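In: I would like to see how this sequence folds:
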Amino acid sequence: MLVKDLKQKKEKDLSKLLLTERDKLRSLKFDLAAGKVKNVKQSRQIRKDIARILTTLNQKNEEKN
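Out: All right, here's what the predicted structure looks like:
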């Protein structure tokens, strides 16, 4: 996920995307504990995507104020 793509989205869309990414991470953690996941690096990528989304949301909120 690229930052320039995130900056073009509205806050409402970013919030929805944040919820879906957090759900992905949660389910990945359960699958990892059960031994179903082969790509363990995927959790790192999802965490980074969540951080990018949160950073973009915070920047948009600061611009409003």
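In: Asp5 and Leu32, how far apart?
Out: Counting by CB to CB, to the nearest Å, the gap from Asp5 to Leu32 is 27 Å. C-betas here are computed from N, CA, C, even on glycine.
In: over to Ile46?
Out: Taking CB to CB, one finds Ile46 at 12 Å from Leu32.
In: those two: which is more packed in?
Out: Ile46 (18 against 15; other CB atoms under 10 Å).
In: which of the helices or strands spans Lys29?
Out: Secondary structure assignment for Lys29, by DSSP states H and E: helix 11-34.
In: pLDDT averaged over whichever helix or strand comes after that helix - what is it?
Out: Using DSSP H and E, the helix or strand that follows helix 11-34 towards the C-terminus is helix 42-64. For helix 42-64, mean pLDDT is 95.
In: in helix 42-64, what's buried?
Out: 43, 46, 49-50, 52-53, 56-57 (16 or more other CB atoms under 10 Å).
In: what's stretch 42-60 in contact with?
Out: For stretch 42-60, contacts defined as CB atoms under 8 Å, 6 or more residues apart in numbering pick out 1, 3, 6-7, 9, 11, 14-15, 17-18, 21-22, 24-25, 28-29, 32.
In: please pick the buried ones from those residues.
Out: Using 16+ other CB under 10 Å, the buried ones in the contacts of stretch 42-60 are 6, 9, 14, 17-18, 21, 25, 28.
In: including distance to Lys64 and pLDDT, could the residues you listed go into JSON lines?
Out: Shown next, in JSON lines, are the buried ones among the contacts of stretch 42-60 (distance: CB to CB, whole Å; pLDDT from 0 to 100):
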{"residue": "Leu6", "distance to Lys64": "17", "pLDDT": "91"}
{"residue": "Lys9", "distance to Lys64": "15", "pLDDT": "94"}
{"residue": "Leu14", "distance to Lys64": "14", "pLDDT": "95"}
{"residue": "Leu17", "distance to Lys64": "19", "pLDDT": "96"}
{"residue": "Leu18", "distance to Lys64": "18", "pLDDT": "97"}
{"residue": "Glu21", "distance to Lys64": "23", "pLDDT": "97"}
{"residue": "Leu25", "distance to Lys64": "28", "pLDDT": "96"}
{"residue": "Leu28", "distance to Lys64": "33", "pLDDT": "95"}
